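In: predicted model and sequence below, questions to follow.
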Amino acid sequence: MKHSGSITSRIHESSLMDSILDSTTARQPHSLCEDSIAFILMAQSANDHIRIIREIIQSTKETRNRLRQGIQDLRLSLNNLEHTQQRDILNTEYEMTVNVNKLKTNLFQLIQDQREQNNQFDQQIVSLQQDCDDIEYQSNKLDQKLQYMCSKTGQYQYVDYDNYIQ
């Protein structure tokens with residue numbers, strides 16, 4: 001009886017240790033070590049010690065593999081972030097270059113338009129100046145004719161350009 005009770009308690013302890021080990025795999029490494037030492041001290045036979053040590057080794061390997069995978073995932077994320085950042089920088093530089101070129105083109109066109117408008121104004125000014133010169137010449141000619149006519153007829157006395165006295 002005593003022997004079967006001992007086996008029953010060992011099976012119960014073994015399943016209890018398995019469930020505890022399963023719960024410790026998600027825990028921090030230092031608490032896993034503390035728990036592992038406690039399990040080894042609770043073992044009642046060499047086979048229990050070996051089984052617990054193997055489980056600890058397996059759990060440690062799994063934890064190490066998860067850490068390595070986490071590190072690889074972080075490196076991949078970092079590489080993706082760096083790639084995204086570089087792509088964003090290049091896109092921004094390209095957009096800025098395109099915008100600057102558009103602004104240059106627009107500015108050049110505005111300058112050309114302004115030059116053409118200035119040339120047209122200059123031509124209009126020259127034309128108006130010629131018209132003014134022609135009008136002044138015609139006015140002087142008419143003044144001379146009017147003075148000549150006034151002096152010949154004696155009827156009108158020329159005073160100025162706008163006013164004539166009889």
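Out: The structure has been received and is ready for your questions. Treat the numbers as computed from the prediction; the structure is a model and nothing was measured.

In: in this protein, what residue spans correspond to helices?
Out: Along the chain, the segments classed as helices by DSSP state H run 2-24, 29-42, 46-153.

In: count the neighbours of F108 for me.
Out: 10 (other C-beta atoms under 10 Å). (C-beta placed from N, C-alpha, C; glycine too.)

In: same deal with S59?
Out: Neighbours of S59 using other C-beta under 10 Å come to 18.

In: ok so, going back, which of the helices of the chain sits most buried?
Out: Highest mean neighbour count of the helices of the chain: helix 29-42, a mean of 14 (counted as mean count of other C-beta atoms under 10 Å).

In: now that one: average pLDDT?
Out: For helix 29-42, mean pLDDT rounds to 64.

In: repeat that for stretch 143-154.
Out: On average, stretch 143-154 scores 81.

In: one more: stretch 65-76?
Out: Here the average pLDDT along stretch 65-76 is 96.

In: let me see the mean pLDDT of stretch 53-60.
Out: Mean predicted lDDT for stretch 53-60 stands at 89.

In: and for stretch 130-138?
Out: The model assigns stretch 130-138 a mean pLDDT of 95.

In: and it, C-alpha only, in PDB?
Out: Extracted in PDB, the C-alpha atoms of stretch 130-138 (Å, rounded to 0.1, in the frame of the first residue of the first chain):
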ATOM      1  CA  GLN A 130       6.000 109.200 -82.900                       C
ATOM      2  CA  ASP A 131       2.300 110.100 -82.900                       C
ATOM      3  CA  CYS A 132       3.000 113.000 -80.500                       C
ATOM      4  CA  ASP A 133       5.900 114.200 -82.600                       C
ATOM      5  CA  ASP A 134       3.600 114.000 -85.700                       C
ATOM      6  CA  ILE A 135       0.900 115.900 -83.900                       C
ATOM      7  CA  GLU A 136       3.300 118.500 -82.800                       C
ATOM      8  CA  TYR A 137       4.800 118.800 -86.300                       C
ATOM      9  CA  GLN A 138       1.300 119.100 -87.700                       C
END
